[in-house]
Each structure stands twice: as C-alpha cells, then as structure tokens.
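1. Starting from these lines, generate the structure:
(chains A and B)
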Amino acid sequence: MKKTVLTVDDSRTIRQMLRAALLDAGMEVLQAEDGVQGLEVLDGSMPDVIVTDINMPRMDGFGFIEAVRGSERHRAIPILVLTTESVDDKKDRARRLGATGWIVKPFDPVKLVSAINRVAA
Amino acid sequence: MAAIKQTFFQECEEQLAELETGLLAIESGETDEDTVNAVFRAVHSIKGGAGAFGLEDLVRFAHTFETTLDLVRSGQIQPDAGLIKLMLRSSDTLADLVRYSRDGGDKDDARVSQLHDELTRAADPNAVAAETKPAKKQPKNAARVPQPEPEPVEEPETSPEDDFVPITISFDDLLGGGGGETQDDGQQVYKIWFKPKPELYAKANDAIKLLREISALGDADIACDISEVPLLGELDPEGAYLSWNIRLATTEPEAKIREVFEFVEFDCDLTVEAEPTPDPDFEFVPEPIVPVDQRADEAGEGPLIPDAVLAKIAEIASAEPAKAMTAANSQAQPAQAAAQTTIRVDLDRVDRLIDLVGELVINQSMLTQRVTEAGIARLSDVAVGLDDLEQLTREIQDSVMAIRAQPVRPIFQRMSRVVREVADMTGKSVRLVTEGENCEVDKTVIERLADPLTHMIRNAIDHGLEKPEERVKAGKPEQGVVRMSAAHRSGRVIIEVSDDGAGINRARVKEIAIKKGVIEAGVQLSDGEIDDLIFAPGFSTASTVSDVSGRGVGMDVVKRSIQALGGRISISSKPGKGTVFTLSLPLTLAVLDGMVVTVAGQTLVVPLTAIVETLQPKASDVHGLGERAKVIAIRGSFIPLIDVGNKLGYREEEADPINSVAIMVESENRAQSALMVDGIIGQQQVVIKSLETNYGQVFGVAAATILGDGRVAVILDVDAIVAGNRSDTAKADVANRKRNAA
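-> All right, here's what the predicted structure looks like:
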C-alpha cells in the first residue's frame, strides 16, 4: 500500500520540493496551501501522514493541528511539523497542540521520508 | 531542481513585493496583526526556501531580519519611525541578496553587515557590542537537522525495577528478528525503559513503531510490562498503561537511540543506560502469552481504541473545532476561486497575436476601401457586414492590447525604494504618495518608464524639496511629499510626478542656461520657457547617459526616453509651492489614431494626439518674421508656421500658406505650432511599423504604416519637426544678430 501524505505549506517552492521528494519515495501526495485548504482536502481524504508548515496565512499550522486533533475522523493521523529552525517554543507549542513530530527546514529528502516512516503505519 | 529554484525566485519576488507593501502599510499606521504577520511570513518564506538551496548569505540576513520582525510581531518591540525605516532598508537589501543569489554580480557586503548589526541591535540593544564581526559568524540557523540535545533525561520517580513483575513477551515475530544473545565486537548494550504517557498516543505517535525502529538499530530484546493495566471496568480508553524494557545491543551511539524518541521526549518516561558489561542475569523468559497487538486491543491501549468509545469521545471533543472548521471552510471559497483566474503566457505569443491583429486591421481597412471603390451601396449586405467586421476588429484589437496592459503598481512600488535611498543620501525627510496604481499601460511602456521615473523622483527630492529646516522656516511641514499619480485621459496615460518643494528657481536656471550657452544672454523668456530650459540638452550638470543610475541625470535624457515611447513631458512650477512633471504616454505602442494628409504628393500620417485643430489660413493672418520665419495669428496669439514639405526635404521652396491647410499641433512643452500640409485625406487608425528596425532613422519621421490601399505612409514625428524648426529659427536669429553687431 502506498502511503498518502498531505502537505500543507504556503510556499510554492516548498510544496514543489515536498512533492518531488515524496513522489521519489513512492508516496502519494496531496497538497494544500494553508490550514483552511488543508482541512478542505481532509474533507474528502484520509492521508496516512500530514506534513504541515507553521507560518501560513488564513489558518496557521497551530490552528490546523488543533482542528485535525479535534476532528473525529482525522485525529489519529500523525502530523509532522515543518519548522525553519529548532527554536523550541514553536516546536513546543505545536507539540502541545498535538503534533506528532517535526522536520527542520531545509529538509533533507532522506530525513523527511524517514520521519514519515517513523510515524506512519 | 532547477525548476524548483526558478519557482523559488519567482516566489521571492512576490514575497518581496508583499514585504514592501506590508512595511509601507505599517509605516502609514496600519499595524494590525494581519499586516505584521504577512510581513513576517514573507521574510520567513524567503529564508525557508533559501535554506533549501544553501543560499547562506540570504538565509543569514533573512534570519536576522526575521528575528527582529518576530519581536515586532509579538509586541516586544514597537515599530517606531526609525525601526520602520530600518526594516524598509532591510527589505531593499534582502531584495538585493535575492537578486545576487539569482544573477550573481556584486553584492554590498558592507551594507549587508551594517544592516545586520542594526537589526540585531534593534532586537537587543546590547547584542552587537558583545559580538565581533557578525558577517563572519556562522549562520545561527544554517539549519541542519539538530541532533537532540544530550541533556540528561529525568530519572523516573520510581526505578523501573522496583515495581514491576515482568511479563515478558517475545517481539521476535513482530519485529522480525532480534533477540540475539551474541555480541559482536564494538557493540554496546543499552538498557532502555520506555513508558509512554497518554499524550504520546493522543499525538498519533505509536509505541510499536518506535520499538520497531529501536529494533532496527541492532539486536533488541523487548519486554512489555502490562502490570499497570487495570480491570476492564476501570480502564480509561485513552489512558496509557504499558511500558517496555528493552535490551539493545548495537554499534550505534546513544544519540541514535535518543533520536528515535525525539518526537516523544516529553510524552513518555525514558531512560537509556549503557550497560558496562553484558548482564547474564537479564534474561528473557520466552513465554509469549499474547501477541502484543492483540494484547493492546484488549487493553484498549494506544491508537487501537474501540471504535464505539472513540466515537463517543470524539463527539464531545470535536464539537468546538468542528465549528471552527466550518467557519474556515466558508472563508476559503473566495480565495480559492481567486487563485484560479490567472495563467502564464509567453510574451512572444502575445506579441505574435498583436502583430497578426495588426495585419487584420490593415486587411480589413483595405477591404472596406475596395468595397467603397466598387460603388457598393452603404446599406447593402456587404457594406453592413463590413461595418460589423470593422467593429469586431476594433474590439479584438482592444482585447489583445489589454493582454499586454499591466498596472503601473510595480513600477510605483519600485519608486518607494528610490525615495528612501535619495532621502537618506540627502538627509531630507520624504513621504511618497501614490495614486492610480491600478491604471494599466502597455508592458513595454511600463518597463521603459522605470529609468525616467527614477530620475524624476531623484530630481524632485534632490533639487525640488528643501532641507527640513528650510521647510520649517517657510511654514511647511518638515516632511516633504513626493506624489506620483497615474490616470487614463482621452486615450493616453497621464503620469504626474510632483513635489511640494520650493519650485523652480527661475533666476538660477536662467543663469545656468546662459553660462552653459543654452540660451543667449539678454533673451526674454516667459516663466514656462525658463522652466522648459531644464529639458534642454547641455543644461544638466551630468553629461552622459551612462549616469542613468547616478544622481542628477539630465532631464534631457528623461525627455528623450519619454519621447521614444511616443510620450510627452511637460513641467509646471510655482515658486514656494512645488513642481509638477506631467508625462503623457500612449496606451500602446502598436497602433495610433492618425490624420492622413498629403504633402508634395506624399501621403503622411499625423498622430491625432498631437493635433489641436485644423484650419485654412487667411492671407491677412499670415505674417513674416525675420528672413524666413512665418507666423500665423490665431485668436490674438502668433503661432509659428512650419512647412512640413520643406522641413522633410520634399520641396525646396516653401509652400504658399494660403493654399495650404494648417494643422495646429501641440508639442511636448505645450507650445503650439501650425504645420502646413497640402490637403487632408481623412482620419484612420494605423498600425505602427517601426521604420528604424526595417530601414533606418529619418528626421521628422516617427514610424511607418500601411494604409488601406496598401501604400506605405510615414508617420510624422511632430515634436522633432517643431524642435527642428525652432533651432533653425534660433540659428538664423543668432546669425542675424551677429550680422547686425558687425
């Protein structure tokens, strides 16, 4: 079974990189530009893992994590947070809200895939 | 990867524009959360992407900038005027670094490191003093995946050995091997105790996966402790009751083990201890009672919670967020729709289309002419059909032109940087006000406007605005205002650049003009004529066109560039109140409305935009002036008469004004002249074909076109003809005076 990954990031560049890396690893990719769109995508899908950015317009990563964890259908999906730095307060806040793990940008495709494999069934 | 990099730079440009817009909004007092967040996000995104491509300079600067912005965002520092200025300058430098990363070239390390210092100081007033040479510092955030801090893990309150009776389960099946007792050389044995908290499962982490990962590191014996699992009736379905004892023999360092638990560090109790010697007592009882999966199922452990229970809890828990989701969804619709409305098209394709439509226009008018010549009745089906065709052709042409049209916004935005830089250089306080940024102009016109506008803005600040103290003395606010506006007016785009400075110092301008030999001493000039002197070649102190990006470039260069675009520039100035430069530009460079005239048997086209009126001169109105010059008296003022045929060299002798038609034209300085032509054929929209590209530059000719009957006609360069006449007259005047003096 191919793993399906939903990526949520407002940067076109990052979206393109994530897509390339995940497709290379033989995963299916769903993409959204921000939390709001991420929730819309989730409406009709059940990805194995979600990879989300924190800083996004409309609904940021924190709000998105909260919403997913509060959703009956989706709350068991592992969520990995993309952070630009290892600044701990952001990571901590994401974690408190229910993030499963994190990936530090700029990410190395190998690390990305291994982090996904660590949390996804 | 190259394609992604291209995306990155495109995105950078968008982010930079957003950044600047946001900062300017903040400057004008809009310090709401959304604006500040957008600004932060722009820098943050650039940094994120730059990191991915290893653009260290960019990452480093963006990081410093971001740190300061973050403090503004969180309200820890207030964006005062000084800080906003610093941020605007930083955004300029960030733009420079992006362009440097993309195109190479020179970069201003000194500026970067100076701003770096200033930003650091803004974020923490004591910071820079303690640092040395920040430019050489390692980027704090040259973000590598951080190794987990080797900080000591808290000892659990009770030692694992104290209170559990191990019920050991073999994980051999589940983990695919492991349990090997033999130890290879270089292997270290670790004793790991791992007890997940309920939070670990709530965050969708899975103990089994972590254990699987541990077992991949070496030979692992894993024992599950189920001693804490309560009776089913007391069991909290979301509780965590299991813990594991692991004995891992591995060649990997301890950090590698901790890395496995990186995500769950705070959501579990964990100890990792290196075992000094192999411990023969740590034996596993091979008594797998239940496979762990099944076990967990029964216990309701981890993510394997019975569906019914899950559903009930979720029902309660998700009531609020579900509402939030609905609200967010409805909010999402318009934005998504908006995102779908643009496509990217190669400019060459658009230009090819424009060219073809141009040919279509020519063809259509040829057809109309043929039909008329054939004597077909106005109301016949053919003629009516042709009328429709003409209408359609026009509409197609307008629509195609609209594709090339772009708002002037980006170029206006670029000017705000120019304003900042020149204001800094000159020590003046300046506010840029822009109006009509959405006004659309042909892309080529916009591109070629950047340099002239830059010069005009520089001049307005450098020469137009007074120093702050002088302004205060004159009873004006200390901060000067430079205003740029764009508007459509009768088929042209009017761009105005004005300042509220001292206005043109006419005495000084005249003095300079005389000194530089632009005008003769003692010549009587009107205020308008004096103002126009600043457009005269040779007036400016800057001598060459290569000074384009420098300061004080001559206005004659500006004027030439505007004229090359088919535009006009004029100036009006009030002492003490300021100066207004007005640019009048064509909407497109591809077609123009023209009056078709005949001169000495040739067919010429006069751009309609230049024409004020046409008239038949009366003998009593024509007066001679000096040896050659003639003027015509119209409504009380004398206007020079210019014989186009003579000026273009079509005939030696000047035509008789009485038998000519006079076309009153207004040239760029709003001075009127009367062009004498032999007759008027009609009015027509013509497609401009460059003569310069196809043939060469000819005096008095702006371009060529193909008329309805297939003949080539030249389009007059009215300004050139008027200017040529003026200099001829001036030369004759000077010669006359010398003769008289002798």
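
2. Check the secondary structure at residue 19 for me.
-> As the question left the chain open, I've gone with chain A. Secondary structure for A:Arg19, judged by DSSP: H, G, I helix; E, B strand; the rest coil, is helix.

3. So it versus chain B, what's the distance?
-> 9 Å (C-beta to the nearest C-beta, to the nearest Å). The way it works is simple: take the backbone N, C-alpha and C, and place the C-beta from them, glycine included.

4. cool, and A:Leu6?
-> Using C-beta to the nearest C-beta, we find A:Leu6 at a distance of 13 Å from chain B.

5. Run through the bridge partners of that residue.
-> A:Leu30, A:Ile50 (DSSP bridges).

6. My read is that it contacts A:Met46, right?
-> No: applying C-beta atoms under 8 Å as the test, A:Leu6 and A:Met46 come out as separate, 9.4 Å apart.

7. So those two - more neighbours on which side?
-> Using other C-beta atoms under 10 Å in any protein chain shown, the more surrounded residue of A:Leu6 and A:Met46 is A:Leu6, with 24 against 11.

8. Need the pLDDT of that one.
-> For A:Leu6, the pLDDT comes out at 92.

9. List the contacts of it.
-> Going by C-beta atoms under 8 Å, 6 or more residues apart in numbering or on different chains, A:Leu6 touches A:Leu30, A:Gln31, A:Ala32, A:Gly38, A:Val41, A:Leu42, A:Ser45, A:Pro47, A:Val49, A:Ile50, A:Val51.

10. mind redoing it with 6 Å?
-> A:Leu30, A:Val41, A:Pro47, A:Ile50 (C-beta atoms under 6 Å, 6 or more residues apart in numbering or on different chains).

11. Next up, phi/psi of B:Ala2, please.
-> Dihedral pair for B:Ala2: phi -60, psi -40, per degrees, to the nearest 10.

12. For it, the count of nearby residues, please.
-> Count around B:Ala2 with other C-beta under 10 Å applied: 6.

13. From the centre of chain A, point out the most distant residue.
-> Most distant from the centre of chain A: A:Met1, at 19.7 Å, with distances by C-alpha atoms, centre = their mean.

14. Quick check: bridge partners of the nearest residue to B:Gln616 once chain neighbours are set aside?
-> Leaving aside its sequence neighbours, B:Gln616 sits nearest to B:Val661 (C-beta to C-beta, 6 or more residues apart in numbering or on different chains; 6.3 Å). For B:Val661, the beta-bridge partners are B:Val677 (DSSP bridges).

15. wouldn't B:Val661 be in contact with B:Val677 here?
-> Yes: with contact defined as C-beta atoms under 6 Å, B:Val661 counts as touching B:Val677 (5.5 Å).

16. between the two, which one's more packed in?
-> Neighbour tally, B:Val661 and B:Val677, criterion other C-beta under 10 Å: the higher count belongs to B:Val677, 24 against 18.

17. What distance do you get for that one to chain A?
-> Relative to chain A, and taking C-beta to the nearest C-beta, B:Val677 is found at 57 Å.

18. Give the full set of residues in contact with that residue.
-> Each residue near B:Val677 by C-beta under 6 Å, 6+ apart is listed here: B:Val597, B:Val599, B:Val644, B:Val661.

19. Pull the contacting residues for the last one.
-> Okay, so that is B:Val661. By C-beta under 6 Å, 6+ apart, the contact list for B:Val661 reads B:Thr614, B:Val677, B:Ile680.

20. separation between it and B:Val599?
-> Per C-beta to C-beta, to the nearest Å, B:Val661 is found 10 Å from B:Val599.

21. isn't B:Val441 right up against B:Val493?
-> Yes: using C-beta under 6 Å, B:Val441 is in contact with B:Val493, at 5.0 Å.

22. returning to that earlier point: I'd like to know which of the contacts of B:Val677 is nearest to chain A.
-> Using C-beta to the nearest C-beta, the shortest approach to chain A within these belongs to B:Val597, at 54.5 Å.

23. Now do the helices in chain A.
-> Using DSSP state H, the helices of chain A run over A:12-24, A:35-43, A:61-69, A:88-97, A:109-119.

24. Let's have those in TSV, adding mean neighbour count, distance to B:Asp499 and mean pLDDT.
-> As requested, the helices of chain A are exported to TSV (neighbours: other C-beta atoms under 10 Å in any protein chain shown; distance: least, C-beta to C-beta, whole Å; pLDDT from 0 to 100):
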stretch	mean neighbour count	distance to B:Asp499	mean pLDDT
helix A:12-24	20	40	87
helix A:35-43	23	45	89
helix A:61-69	24	46	89
helix A:88-97	16	46	78
helix A:109-119	18	54	84
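
25. Compare the ones you listed and report which one is nearest to B:Asp70.
-> Counting by C-beta to C-beta, B:Asp70 lies closest to helix A:88-97 out of the helices of chain A; the figure is 10.0 Å.

26. Show me what B:Val712 is bridged to.
-> B:Ile706.

27. ditto for B:Cys268
-> B:Pro196.

28. Same check on B:Leu592?
-> Beta-bridge partners, per DSSP bridges, of B:Leu592: B:Val686.

29. I figured it hits B:Pro607, correct?
-> Yes: the criterion here is C-beta under 6 Å, and B:Leu592 meets it with B:Pro607 at 5.3 Å.

30. Neighbour count for these two, which is higher?
-> Shown here are B:Leu592 and B:Pro607; by other C-beta under 10 Å, B:Leu592 has more neighbours (25 against 22).

31. Distance of that one relative to chain A?
-> For B:Leu592, the distance to chain A (C-beta to the nearest C-beta) stands at 40 Å.

32. repeat for B:Arg492
-> B:Arg492 sits 37 Å away from chain A when distances are taken as C-beta to the nearest C-beta.

33. what's the burial count for that residue?
-> Neighbours of B:Arg492 under the rule other C-beta under 10 Å: 18.
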